[in-house]
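Student: Here is a sequence together with a model predicted from it:
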Amino acid sequence: MNPKTYHHISSNPSSVKSRFTRGFLRAFKKIKRQQRLLPTSSSSSSNPSPRPYLYGRVKIAADKSLALAVGSRRAWSRALLWKIHYKAWRQRSRFNNKKKRLKENKKNKKKKKNDDEEVGFRHAKELRKLVPGGKAMDLCSLLDETAHYIKCLITQVQVMKSIDQIYSF
Amino acid sequence: MDPPLVNESSFSAANPSSYSLAEIWPSPIHGAEAGLRMGNLGHGFGESSGHRDGSMEESTVTEQSGGGGCGRKRRDVSSEDESSKIVSTTSSANDLNESNGKRTKISGSKNENGGSKAEAEASSVAGNKSADQAINLRSHQKIIFMREKISERMKILQDLVPGCNKVIGKALVLDEIINYIQSLQQQVEFLSMKLEAVNSRVSLNPTIEGFHSKDLGAPPFDAAGMIFGPQAAREYAHGSQHEWLHMQVDGGFDRAT
């Protein structure tokens, strides 16, 4: 990436890249603040908890900010946001009701049906697993969403690499 | 008195004609219904139906030929399909030799197009056949349309994924795409882990300033960064470093210390 291209990108504040960087940095800062506060509280209470909520928080924040930057016009971003919300909700209610979770798992297993395999794409099944929300799409929209998802993943990797470079300097 | 007489005469003259028309028309209307059916058939087979009366006769003729061919086909079940087709066409031709020659061609082609389905359901109504054919055609067109769309999308994806233009074959292209997405997702995961490690380092040493923690965390990150070939990202960082630092250091590290 040349500085020229970066300048071009930074001049466009509504692009996915700049919106993602802004959102991700904000979320990153928030996580850092919470992590800074948390060890002191655990040391004061002398009960070091395993911190289940904080594991993989940066990845969740990255995914969420990417999906928010893309907006709700794309199916994969909607699915990703829904997945994140659902996971958070499940983590919150994990200790309350385990039986409900089992029931939901059974329901999800029943719902799984691959119906447009007649076009000749056996590998589409694997693609459906990778692209968020791909199980509910037909093949055309799946490929469309895949193209957009790849573009967004490339920008995500670029931005995260640059942030990492700044930290490692 | 003349005009009414004339009117009466005209009415009387007109009424029989209208009655005669009303008497004449119903049978063509019945013929037209049959002709419409046959028109559907003709569209299904990709042919154009002729006159209504002609199509009416054709329908009767084809039914006859179907009835006639049915008995012969039962004999020829053991033989091949082609021979049975020939038999059916010859039987229809024999029936139609009494009528015009043009219709023999049409019915013969219809029987050929009908194929084994027509042989299996020769005694069934022609409407069922046409409906089946229309559904088949529509689904076929849909599949062709979908394939065109899918090939367009695949071209776009091939342009997106590096090293995918040389690959031939949809399955291999899809494999490449899947591998590329997996690698990208793994990269994202790895980068987020790294950033989390930075986080934890910063959070574990709250007394140390942010720059010291950076110095502490530098060597493993560089070693890890060598795996992924960080040159492009480093150039990118060079271009954007000042702005990043303003955004991050002013926001984060000053508050952290």
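Tutor: All right, it came through fine. Numbers count the residues shown, from 1 in each chain, chains lettered A, B, ... in the order given.
Student: Now do the phi/psi pair for the closest residue to B:N165 other than its chain neighbours.
Tutor: Spatial nearest neighbour of B:N165, excluding adjacent residues (Cβ to Cβ, 6 or more residues apart in numbering or on different chains): B:Q158 at 5.7 Å. For every residue, glycine as well, the C-beta is placed using N, CA and C. Per-residue torsions, B:Q158: phi -60, psi -40 (degrees, to the nearest 10).
Student: contacting residues for B:Q158?
Tutor: B:C164, B:N165, B:V167, B:V173 (Cβ atoms under 8 Å, 6 or more residues apart in numbering or on different chains).
Student: Quick check: which element contains the first one?
Tutor: If I follow you right, that is B:C164. In this structure, B:C164 is located outside every helix and strand according to DSSP states H and E.
Student: Would you confirm that it contacts B:V173?
Tutor: Yes. Here B:C164 reaches B:V173: they are 5.9 Å apart, a contact under Cβ atoms under 8 Å.
Student: Find the residues that touch each one of those two.
Tutor: Common neighbours of B:C164 and B:V173 (Cβ under 8 Å, 6+ apart) are B:L157, B:Q158.
Student: For A:V131, grab phi and psi.
Tutor: The phi/psi pair for A:V131 (degrees, to the nearest 10) is phi -80, psi 130.
Student: Could you measure from it over to B:F190?
Tutor: 20 Å (Cβ to Cβ, to the nearest Å).
Student: what about the two, which has more around it?
Tutor: A:V131 (24 against 17; other Cβ atoms under 10 Å in any protein chain shown).
Student: Show the contacting residues for that one.
Tutor: A:W76, A:L142, A:E145, A:T146, A:Y149, B:I181.
Student: Leaving out the residues flanking it, which one is nearest to the third one?
Tutor: Right, the one you point to is A:E145. A:W76 (4.7 Å).
Student: So which residues of chain A form helices?
Tutor: A:3-10, A:16-45, A:57-70, A:75-92, A:98-111, A:124-130, A:139-168 (DSSP state H).
Student: Same question for the second one: list its buried residues.
Tutor: So that's helix A:16-45. Going by neighbour count (16 or more other Cβ atoms under 10 Å in any protein chain shown), the buried part of helix A:16-45 is A:16-21, A:23-25, A:27-29, A:31-32, A:35-36.
Student: so which pair among those is furthest apart in space?
Tutor: By the measure Cβ to Cβ, A:V16 and A:R36 form the most distant pair in the buried residues of helix A:16-45, at 29.9 Å.
Student: Model confidence for A:S162, exactly?
Tutor: At A:S162, the predicted lDDT confidence score is 91.
Student: sorry, back to before: from A:C152, how far out is the residue nearest to A:E145?
Tutor: Taking Cβ to Cβ, one finds A:W76 at 8 Å from A:C152.
Student: Spit out the contact partners of A:D63.
Tutor: A:L80, A:I84, B:V188.
Student: which among those residues end up buried?
Tutor: A:L80, A:I84, B:V188.
Student: Distance to A:S93 added to those, as TSV?
Tutor: Shown next, in TSV, are the buried ones among the contacts of A:D63 (distance: Cβ to Cβ, whole Å):
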residue	distance to A:S93
A:L80	21
A:I84	15
B:V188	27
